[in-house]
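Sequence below, structure please.
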Amino acid sequence: MNAKTNVKKLLERLVETKAETIKLGMDLHARDVVVCVQLDGALPQRPQKMTTAELLTLVRGLRAAGRKVYGCYEAGPCGYGLHRELLAAGATNYVVVAEALGGARQQKTDALDATALADRLDRYVRGNTKAFSVVTVPTPAEEQARAEGRLRGQLKRTRHEWEARGRSLLLVHGHHVTGPWWTERRWTELKATLSVWLVQELEIMRTVLATVDTQEKARRKTLEAAAPKVLPKAVGALTWVLLAREICDWARFKNRRQVSSDTGLCPGVHQSGGSKRDGCINRHGNPRVRALLIELVWRLVRWQPDYPPIKGLVAGIARGAARRKLAVAAARRLAVDLWRLATAQTTPAKLQLLVPTEVTA
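Numbers count the residues shown, from 1 in each chain. Predicted coordinates:
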């Protein structure tokens, strides 16, 4: 029996039931999706594998029959395409934060994951909003803008990788060089000291490096051009744009707690009985946002010493791990202040941030 017949019979069987609400826990993969069906409050059924096209056919058939359809799947490399298609088909779908679903058994299969998602979806629909964490799905335009910023970072890393390959090849053959050896001036000086074979090998690397470097600089200029003309000192145009595109929409936050939580810079809590201690940061949310905020904090230490959240760092009252904790706390406060700036709730002057009087292009 082929998969199409299975889905057709499944649809007929589900329509014949008296269930009003049908929940679909989905374990999504590139080629197929494992679906666990739950009717109203009954036990989840045995998961079935189908293609995304067959899943959409099933959802459309259920909606045409007047059933309410809820679905959820974990965020991952497959993106949000299926989510948007499910919404268009009439389902209510959630993209949730990926986590270990095996429980105490420490077992993982696609069927077990789909079943666990269906169970959590049932609890969420019945009002338990703690059953899972829902991901904020960006619009296609926001997703494309974010990808443009990420590509610039990938180009930069690729350039560093090829620079390192060249330095490694030079070192193996007795030449210790540092820095960007491939630039025109450095290469002219270095080339005269190398063998013909080594020059040929490095010329190939220089061709790759020149292409990547040109593309990275062009993308950087494009991103910087999208920044506001006036920004606080040390808050660079590139940093501002990358943060805004990773956040997608500053206005989606309703309060400062949501902003802090989204950065993943909040300390974990370990509490039992009368004892309580703060642990390391929970690292929830976007790791690129955390990296940008920490980088920005250290720039502010140099160029904005009067900014209140970093005064402890400027004063040098802590060293080592304690100093890093101060930097994390400052980054968390900084995220809230940037949200207030982006949503026009405050001004740089109120935050004690200096703004250059002259802005050069």
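
Return the residues in contact with the closest residue to Thr51 other than its chain neighbours.
Nearest residue to Thr51, sequence neighbours excluded (CB to CB, 6 or more residues apart in numbering): Asp32, at 5.6 Å. Quick note: C-beta positions are derived from backbone N, CA and C, even for glycine. Residues in contact with Asp32, defined by CB atoms under 8 Å, 6 or more residues apart in numbering, are Lys49, Met50, Thr51, Thr52.

I'd like the distance from Asp32 to Arg257, if you could.
Remark: distance between Asp32 and Arg257 (CB to CB, to the nearest Å) = 39 Å.

Then Ala75?
Using CB to CB, one gets 22 Å for the distance from Ala75 to Arg257.

Kindly write the ChimeraX command that selects the buried subset of the contacts of Asp32.
Buried members of the contacts of Asp32, defined by 16 or more other CB atoms under 10 Å, are picked up in ChimeraX with:
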select :49,50,52
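
Which ones among the contacts of Asp32 map onto strands?
Secondary structure from DSSP state E places Lys49, Met50 of the contacts of Asp32 in strands.

got the residue ranges for the helices in the stretch 1-150 of the chain?
Listed from the start of the chain, the stretch 1-150 of the chain has helices (DSSP state H, counting those that start in this stretch) covering 3-16, 52-64, 81-88, 110-125, 140-172.

Of all those helices, which one comes closest to Val235?
Between Val235 and the helices of the stretch 1-150 of the chain, the shortest separation by CB to CB is 15.9 Å, and it involves helix 140-172.

Does anything pack onto the closest one? Which helices or strands?
In terms of contacts (3 or more CB pairs under 8 Å, 6 or more residues apart in numbering; DSSP states H and E), helix 140-172 is packed against helix 196-225, helix 237-247.

Output the below-cut-off pLDDT ranges for the stretch 51-200 of the chain.
Where the stretch 51-200 of the chain drops to pLDDT under 70, the residues are 102-106.

let me fix that: the stretch 251-361 of the chain
Scanning the stretch 251-361 of the chain for pLDDT under 70 picks out 358-361.

quick one: the helices in it?
With helices called from DSSP H, counting those that start in this stretch, the stretch 251-361 of the chain shows them at 256-263, 287-303, 311-315, 320-342.

what's the domain layout of the protein?
Using automatic domain parsing, the domain ranges for the chain come out as 3-125, 140-225, 237-270+277-342.
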